[in-house]
Structures are given as C-alpha cells and as structure tokens.
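Engineer: sequence plus predicted model, see below.
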Amino acid sequence: MKQIIIQGGNLLEGTIRISGAKNSAVALVPASLLSDELVKLDNIPNISDIDALNEILTFLGAKVSRKGELMEIDSSAVENKSIPESISKKLRASYYFMGALLGKYKKVEMYFPGGCSIGARPINLHLKGFEALGAKVIGEGSKYTIIADELKGGHIYLDTVSVGATINIMLAAVKATGITIIDNAAKEPEIVNVATFLNQMGAKISGAGTSQIRITGVEKLGSCYMEVIPDRIEAGTYVIAGALMGKNLKIENIIPEHIEALLTKLREMGVSLDTYDDYLTISKSDNLKPVDITTQVYPGFATDLQQPITALLTTCNGVSTLEETIYENRFQNVEYLNKLGANITIDGQKIIIDGPSKLVGKKVVATDLRAGACLILSGLTAQGETIIEEVEHILRGYENIIEKLEAVGAKIKLEEI
Ligand code: EPU
C-alpha cells in the first residue's frame, strides 16, 4: 500500500510537461495486435495501466520492448488464448482486447474489465456492435466468448455516446469484409488518435472526430510508427493546480483546443491564464467567481475533470454547482473534501459547492483515479499536512505525478506503508 503526503501552501513555479494520453495509449497498445508486423508507439506514459496491458500482451505471446516513452510491439507470434480474469480485471481498457482479438482471429475469450468504481459502466454497446458485425456473444457470469465465422460490415447506432464502444467497434471492423458505419460515435481526440494509428497500419477509416465513422475493411494491417497525443486530462489537472497555486506556472506539450471547455470555465471564474500554440501559463488569482458546470461528451466539459475542478470550486467566492451526466457514482471525493473543511452538498447527480472554504490537512482516501487527483489538488492548498491513502488509483493514470509537482515547488512525497 502506498500513500501520498502533502504539506500545503507552497506556490508552484516553473514548467510541467504533459505526458502521452492514458486513454489513447490504453487503446493503441491492444490495437497494435491487429498488425502482422512490428508497431512502434511513442510518447507512451509510464503508468501502471500500461504495465497491466503489457502483462496481457506478453501472456498472449507478443514481444514487447519499452525504452523510455517508446514501446515496440511484435505480435507475429501471438496465440489467441483465453485471457484470465485476474488480468482482465486490472483495468477498464482490457476490453479493447475484445475488439482487437475478434477483429484479427474472429474469436475472443475474456472477462468483464475492471477500472475505477464510478458507476455501473456496462459494455452492452460494445457487444451490440460486435453482434452487428456478425459475431455471437456468449456470456457466462463475467466471462465472455465472442465468436464469428466471418465478420461483415454493419450499420451500428450507439444509443449512448461511448468512447470505449466506438473504439472497440472500430478495432473489430477494420478487418471485416465490407463497410461498417458507426452512428452517434464518440468524438473524443483519443478516437481520432486511434483511427489515425489504424489508418497508418493500412486501415480505411474516415469520419473519426465526427459523429459518423465509416470503416472499409481491409485484409491485412502492417507496421507503423505512431505518437500518442498529449493527455488532455493530465493537462487539465495541472492547469487547475496552476489556478490554485501557480506563480506563472507553465504547462507545456498540450493541445489547448482539447481543454477548451475547461479554459472557458476558468476564464469565466476570473483565472489569469495565457494560451500559446502548445503551452499555457497560469497563476493563482484571488476572488474567483463561482460557476455552474455540467459534464458532457467531447467537446463539452470532460467528466474526468469534474472531480479535479471541484478542488478549485471550493475556493470560489459563492455558490457553484457541478452536474455529472456521464457516471452515477463520481462524487466519492466530496466526503473527503468536506473532511478537509469544504462545504459541499450532494443533490442527486449534482453537487452544490458553497465557497470559499479554508481547507486544513487531514487523512483522506483516493477512492478512484480522478478523486485522488482532486485530493492532491486540495492538499496543495490546505493548511498543514494532507495524507492520501490508496493512491495506487492515482498511479494508474498520472505519470510521475510526485516528481512533476515536486519539481515546481510542491512539498509532496510518496510513501510505502
Ligand atoms: N455506456 C453504456 N454501455 C456501454 C458503454 C458505455 O451504457 O456499452 C455508458 C457508460 O455507463 C457511461 C457512458 O456510456 O455512462 C460513457 O461511457 P464510455 O463508454 O464513454 O466510457 P469508457 O469508454 O468506459 C472512457 C475513459 C474514461 C472516461 C470516459 C468518458 C478509458 C479507458 N476510459 O471510458 O476515463 O471517463 O471514456 O470520456 O478510455 C478516467 O480516465 O478517469 C476515465 C474514467
């Protein structure tokens, strides 16, 4: 077990460099199985979710090498085996092996994925997509066998906009015969990154980034080199840190357009920030105005930044509201923010934050990845010492978070307990 200890109250000054996007990398790594040749992925973040995917790749017989941010995957000797529950449930993104293995071998056997406990998170739309391509899905408890004699292009309408289902259906469809259309597809930048990667390997995908994606099946996918896009959620988290404690803090290697919804809200609050092509600078401002935020699919306000921004809303002068529309159980940070001294009430899928509150360090728990990020942000502002337990959740998704914050002046350390 690990815990993070923060001494709050220190200004953040200097530069934080953003790593490759977790939610892109965790799709690109399984997607590489579709190639018959060597695939090189660059800007892969060093996070434990990638280690878990490596474990699955290695279990299947792929040769994986990692040198810094470069990962090379040779899937030529892969054997399509049943993926055990113990490794499927280590993370959410293990579900991308469903699409990739089904696409390549027309059969996959694995278990329901793991991931943060922030809602029901069903995979019915992924399965519906596979069925529309001609696959048969046999579910026994948490085990799924998905099998097809032949995958044939189909027309799929997603009842709910889903990042995972959109990517998984693309993975299964790239080698199907004929044309697949995904309607009401997710438009997140990670979808575009995955489609570009598949196209570089020889796939024919158009429309990624819009609500209709068209995939024309091909027989073979080859080698390619691809860079993971910068992580917009990691970027957003450090931008919020800058709004809380920054002294001309520079956040570099970002695509500002990907966090436009966040930046718009920060400007509305009165935060002082300047954006440039691939970086921004941000400073702590006093007397921030309260705002109302509703999470939306991209390009709306990201659900993954909902918990981090709550840390900032506790410092605003007045009542802010935050409505969560994607997940049913993404307010587990509230109990701990209130323990630190915030004044937040939960009303169904909405929280009401009455600020400003002076936070004082206490012992709190990172119940999930972004809740943990929120508690780190609040710990940076709180008076005295904040101890965050169960931080394994945080290390799944933020590369070198301790080192990055320490380098700009935070007093933060990771301890084994
Ligand atoms: N949904 C269904 N059926 C499905 C799939 C999704 O009802 O078959 C519902 C979900 O329950 C949820 C909504 O659709 O209410 C959106 O879920 P989505 O499928 O988009 O989420 P996901 O693919 O499971 C990814 C990220 C999440 C991020 C969401 C939304 C990965 C591995 N995870 O999840 O990231 O919140 O998209 O942007 O890419 C995180 O990084 O902290 C995180 C949770």
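Structural biologist: Good, I have the coordinates. Numbers count the residues shown, from 1 in each chain.
Engineer: residue numbers of this protein in contact with the ligand?
Structural biologist: 23, 26, 92-93, 116, 119-126, 160, 162-165, 186, 303-304, 326-327, 369-370, 397 (Cβ under 6 Å from any ligand atom). In short, each C-beta sits where N, CA and C put it, glycine included.
Engineer: distance of the residue lying farthest from the centre of the chain from residue 31?
Structural biologist: Relative to the mean C-alpha coordinate of the chain, counting by Cα atoms, centre = their mean, the farthest residue is residue 149 (33.5 Å). For residue 149, the distance to residue 31 (Cβ to Cβ, to the nearest Å) stands at 23 Å.
Engineer: next: residue 164.
Structural biologist: Residue 164 sits 13 Å away from residue 31, taking Cβ to Cβ as the criterion.
Engineer: next: residue 62.
Structural biologist: As defined by Cβ to Cβ, residue 62 lies at a distance of 12 Å from residue 31.
Engineer: name the helices or strands packed onto the helix or strand harbouring residue 16?
Structural biologist: In this structure, residue 16 sits in strand 15-17 according to DSSP states H and E. Where contact means 3 or more Cβ pairs under 8 Å, 6 or more residues apart in numbering; DSSP states H and E, strand 15-17 is packed against strand 249-252, helix 401-407.
Engineer: what pairs with it, parallel or antiparallel?
Structural biologist: strand 249-252 (parallel) (DSSP bridges).
Engineer: give me the residues contacting the strand it pairs with.
Structural biologist: 12-18, 235, 238-239, 241-242, 278-283, 408 (Cβ atoms under 8 Å, 6 or more residues apart in numbering).
Engineer: distance of the residue of the chain found nearest the ligand from residue 245?
Structural biologist: Proximity to the ligand, evaluated over the chain using Cβ to the nearest ligand atom, is greatest for residue 164 at 2.7 Å. Computed as Cβ to Cβ, the residue 164 to residue 245 distance reads 34 Å.
Engineer: equivalent analysis for residue 361, please.
Structural biologist: Counting by Cβ to Cβ, the separation of residue 361 from residue 245 is 14 Å.
Engineer: so which of the two has more stuff around it?
Structural biologist: More crowded of residue 361 and residue 245, by other Cβ atoms under 10 Å: residue 245, with 24 against 21.
Engineer: please tell me I have it right and the more buried one contacts residue 13.
Structural biologist: No. Residue 245 is not in contact with residue 13 according to Cβ atoms under 8 Å; the separation is 9.3 Å.
Engineer: what ranges do the helices span in the chain?
Structural biologist: Taking DSSP state H, the helices of the chain run over residues 22-31, 48-60, 85-88, 96-105, 124-132, 163-173, 189-200, 232-245, 260-269, 306-313, 333-340, 369-381, 392-395, 401-407.
Engineer: contact partners for the residue lying closest to residue 205 once chain neighbours are set aside?
Structural biologist: In space, residue 205 comes closest to residue 195 once its chain neighbours are excluded; the distance is 4.5 Å by Cβ to Cβ, 6 or more residues apart in numbering. Contacts of residue 195 were listed using Cβ under 8 Å, 6+ apart, and they are 170, 203, 205, 208, 209, 213.
Engineer: my read: the second one touches residue 219, true?
Structural biologist: No. Proximity of residue 203 to residue 219 does not meet the contact threshold set by Cβ under 8 Å, at 10.8 Å.
Engineer: switch the helices of the chain over to TSV; also include mean pLDDT.
Structural biologist: Rendered in TSV, the data for those read as follows (pLDDT from 0 to 100):
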stretch	mean pLDDT
helix 22-31	98
helix 48-60	96
helix 85-88	94
helix 96-105	97
helix 124-132	98
helix 163-173	98
helix 189-200	98
helix 232-245	98
helix 260-269	98
helix 306-313	98
helix 333-340	98
helix 369-381	98
helix 392-395	96
helix 401-407	98
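Engineer: need those helices in TSV with distance to residue 138, can you?
Structural biologist: Written out in TSV, the entries for the helices of the chain read as follows (distance: least, Cβ to Cβ, whole Å):
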stretch	distance to residue 138
helix 22-31	21
helix 48-60	20
helix 85-88	16
helix 96-105	13
helix 124-132	10
helix 163-173	16
helix 189-200	27
helix 232-245	35
helix 260-269	41
helix 306-313	36
helix 333-340	38
helix 369-381	32
helix 392-395	32
helix 401-407	41
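Engineer: one step back: for the residue farthest from the centre of the chain, give its distance to residue 25.
Structural biologist: Spatial separation of residue 149 from residue 25 under the definition Cβ to Cβ is 33 Å.
Engineer: give the buried residues for stretch 198-215.
Structural biologist: 198-203, 205, 207-209, 213-215 (16 or more other Cβ atoms under 10 Å).
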